[in-house]
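> need coordinates for the following:
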Amino acid sequence: MLAKKYGARLVFEVRDLWPLTLIELGGASPRQPFIRLMQWSEDYAYKVADKVVSVLPRAADYMQCHGMALEKFLYVPNGIELSAAEYCEELPEAHKQKLLELKASGKLLVGYAGKVGLSNVLGPLLEAIAGCDDDSIHAIILGDGELLPQLQEQVKRLNLECQVTFLEAVSRKQVADFLKHLDVAYVGYQRQPLYRFGVSPTKVNDYMLAALPIIYAVDAPGNVVAESGAGITCLPENNLAIRDAILELRNMGSDARQAMGNRGKKWLVENRDYAVLAKRFLDGVCADHGAPPLLAQ
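Purely as a prediction, here's the structure:
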């Protein structure tokens, strides 16, 4: 109604597919009244929007089945502010001392920063660390979430107390300082049909900006790690594949790991800078409508 009143373009931006996420990840019934209402709202938005923007590269496959005309779709992934690292804050002293102590002892630090939850699978990483049978490899998990107690119990069960460190969550501005201490970064997702439409994890951008080689245990379209050469892709929820990736990165040496990380950072600067993505957004949204002079500049 507002778009019609003001003669404006109506842009529907989709970050996650709802209610499909609740159905496929949460087990909700498609017949549940609230789910049906959400589905009706989503379908309506696809039909009436002038443009549909999503961070998911293959989302159009789903959206077309719910009433969207293909020409409306525009893929604009999550990006990063390249100057963000310049404004980072230092870690708490206890965090920093622990990291420096591990580095001084010659450990290869494999790290994760973010929510410890259902979608970000960390259990197989711990099993992979155990399978390496090498106490010079150390995992560091920075963050909290509902599955943290379960992971801590898994560490005890696997006798990994000397090879895994949990650090309390810090502010967004302190994450960059944490990443400076790592040798390798990890991201892993569940094996879920939902991810057939793609994912766009922001932590991967943070890892690439820090020029870290990445172990990417994700099965989804839009694999920027493979595209950029920033790391090793392996099967999700597969501790043997993750173990092999860790050992490969350890054996290649620090110079080769740094070269891998630098490739990722270069790719990120060229493809995921918000200035690049903003132009893609404006060009796509205004292409068949005409942009105001200020936006066109």
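> check which element follows the longest helix along the chain along the chain.
Assignment by DSSP state H gives helix 239-271 as the longest helix of the chain. Toward the C-terminus, helix 239-271 is succeeded by helix 274-286 as the next helix or strand (DSSP states H and E).
> on that earlier part again, got the buried residues for the longest helix of the chain?
239, 241-247, 249-250, 257, 260-261, 263-265, 267-268, 271 (16 or more other CB atoms under 10 Å). C-beta: built from backbone N, CA, C; applies to glycine.
> and that helix, how far out from the chain middle?
With CA atoms, centre = their mean, to the nearest Å as the basis, helix 239-271 stands 16 Å off its chain's centre.
> packing partners of that helix?
Other helices and strands packing on helix 239-271, by 3 or more CB pairs under 8 Å, 6 or more residues apart in numbering; DSSP states H and E, are strand 108-113, helix 123-132, strand 184-188, helix 202-209, strand 214-217, helix 224-228, strand 231-233.
> how big is the angle separating that helix from strand 108-113?
70 degrees (axes from the mean of the first three to the mean of the last three CA atoms, to 10 degrees).
> isn't Lys173 up against Glu89?
Yes. Look at Lys173 against Glu89 with CB atoms under 8 Å: they come within range, at 4.4 Å.
> just put the helices and strands packed on helix 239-271 in CSV and tack on mean pLDDT.
CSV is the format used below for those (pLDDT from 0 to 100):
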stretch, mean pLDDT
strand 108-113, 98
helix 123-132, 97
strand 184-188, 98
helix 202-209, 96
strand 214-217, 98
helix 224-228, 97
strand 231-233, 98
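> pop the domain breakdown of the protein in here.
2-79+273-296, 82-271 (automatic domain parsing).
> and the last one, end to end?
One end of domain 82-271 to the other measures 11 Å (CA to CA, to the nearest Å).
> and the residue nearest the centre of the chain, its phi and psi?
Nearest to the mean C-alpha position of the chain, by CA atoms, centre = their mean, lies Pro201 at 1.7 Å. Pro201 adopts backbone torsions of phi -70, psi 130, taken as degrees, to the nearest 10.
> how near is the closest residue in space to it that isn't next to it in sequence to Asp219?
Counting by CB to CB, 6 or more residues apart in numbering, Pro201 lies nearest to Val187, which is 5.9 Å off, once chain neighbours are set aside. Distance, Val187 to Asp219, by CB to CB, to the nearest Å: 12 Å.
> who has more neighbours, those two?
A count of neighbours by other CB atoms under 10 Å puts Val187 above the other of Val187 and Asp219, at 25 against 19.
> wait, isn't that one in contact with Ile214?
Yes. Val187 lies in contact with Ile214 (CB under 8 Å); the separation is 6.7 Å.
> and Ser119, how many residues sit next to it?
15.
> for the remainder of this discussion, apply numbering that starts at 22.
With 22 as the first residue, the last one maps to Ser140.
> and it, what's its pLDDT?
Per-residue confidence (pLDDT) for Ser140: 83.
> repeat for the one 3 residues further on
Among the per-residue scores, Leu143 holds a pLDDT of 97.
> spit out the contact partners of it.
133, 137, 162, 168, 172, 209 (CB atoms under 8 Å, 6 or more residues apart in numbering).
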